[in-house]
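In: would you be able to build a 3D model of this:
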Amino acid sequence: MKQPKMTDVAKVAGVSPTTVSRVINRRGYLSEKTINKVEEAMRQLDYRPNIVARQLQSQRTMTIGILVPTVANPFFGELTFKLERYFFDAGFKVLIGNAENDIKKERLYLQQLLARQVDGLVIATHNHQQQIPEYQNTNMPVVSIDRYLHETIPNVSSDNYAGGRLATEELIRRGAKHIIHTDSIERFNKRDYLRQRAYQDVMKEHGLEPITYKIDFDSRPELMNQFFNRIFDEHPEVDGIFVSNDMDAIQLLQVARQRGMTVPSDLQVIGYDGVPTTTRIVPELSTVVQPLDEMAKTAVKLLQKEIKGEKVTGSYKLPVKLRVSSSLK
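Out: Residues are numbered from 1 along each chain as shown. Prediction:
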């Protein structure tokens, strides 16, 4: 049986072959009605686009590489989910690298993605990019999320400085005077520590002493328990803590309660991320909510522009909001 052609699809759908091509490649404006007509015609005729020919013609693989520090963390798990969905809607497949904060593993994933000639990369990993030369030597379209890589690489993030101010000012407004901030050990560009800088600025503006404790992002639970116990041992007067991510904040709440502290009368806590999964599991945690959906959409749009040859640079900061719950007075 003769294989149907694009012109056959166009005839059945009542559109031009150019419109069929645009539907297949998801290019240009297309109404939902037109897309449905073309896709129905393709189903009727059992038409399958020649993927290899399309790739040779466009010099694209229609594949995107995504590198995250760990999909086990709800923030990065949900970020990966949203990125995959929006890239899929735009006609791309994705390959996901779960780097687990391991430089060797991240380099291996990156080398494999480059070898597969993906059309672009979304980078959200936590390793210092100077330690991975492949980032410096590729001219592939790249968008980073929440990490500054280079002035030529567009970066999408929540407004971390505004979020840090929002959290610290709220703790002070609710009566906390001995406020501690926890953050990850500084192994990135200083631009990536805006939450900490905001905390320090607000504390100084109110005549309060800023105290920041730092620990590796991927520390084991037992080390995190020791870390939080050390804070309480060294600062028994602490009455407020701004934690740089929700997973750490959840463990902090557990340690505080194990020590007989009552939240929020003895200790007020604010986290950072606010993804739906965490909110459902620990609804009592107050947190700065990152606009995860908009961050993913923006990253996808920027990378698509780069793939088309448009020059895209700069930082894209998206607004945050505070979710108040029972971990605050």
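
In: from here on, contacts and neighbour counts on C-alpha atoms
Out: Noted.

In: what's the local residue count around Lys214?
Out: 13 (other CA atoms under 10 Å).

In: can you pull out the residues in contact with the host helix or strand of it?
Out: Assigned by DSSP states H and E, Lys214 belongs to strand 211-215. If you take CA atoms under 8 Å, 6 or more residues apart in numbering as the criterion, strand 211-215 is touched by 179-185, 196, 227, 231.

In: what strands line up against that strand, and which way round?
Out: Sheet pairing here is set by DSSP bridges, and for strand 211-215 it gives strand 179-184 (parallel).

In: now do the buried residues in the helix or strand just after the strand it pairs with.
Out: Using DSSP H and E, the helix or strand that directly follows strand 179-184 along the chain is helix 194-205. Neighbour counts using 16 or more other CA atoms under 10 Å place 194-203 of helix 194-205 among the buried residues.

In: name the residues of the strand holding Lys214 that are buried.
Out: 211-212.

In: which element follows that strand toward the C-terminus?
Out: Counting by DSSP H and E, what follows strand 211-215 is helix 221-234.

In: quick one: the helices in the stretch 1-150 of the chain?
Out: With helices called from DSSP state H, counting those that start in this stretch, the stretch 1-150 of the chain shows them at 6-13, 17-25, 32-45, 51-58, 74-89, 103-115, 134-137.

In: which strands and helices sit next to the second one?
Out: Spelled out, it's helix 17-25. helix 6-13, helix 32-45 (3 or more CA pairs under 8 Å, 6 or more residues apart in numbering; DSSP states H and E).

In: buried residues of that helix, list them for me.
Out: Here helix 17-25 shows 17, 19-21, 23-24 as buried, counting by 16+ other CA under 10 Å.

In: need the residue closest to the centroid of the chain.
Out: Centroid check for the chain by CA atoms, centre = their mean gives Leu79 as the closest residue, at 4.8 Å.

In: quick one: end-to-end length of stretch 272-285, please.
Out: End-to-end span of stretch 272-285 (CA to CA, to the nearest Å): 10 Å.

In: could you measure from the residue nearest to the centre of the chain over to Thr277?
Out: Distance from Leu79 to Thr277, by CA to CA: 12 Å.

In: for Asn101, same thing?
Out: 22 Å.

In: check the residue nearest to the centre of the chain and give its pLDDT.
Out: As predicted, Leu79 sits at a pLDDT of 96.

In: that one reaches Leu292, doesn't it?
Out: Yes. Proximity of Leu79 to Leu292 meets the contact threshold set by CA atoms under 8 Å, at 6.6 Å.
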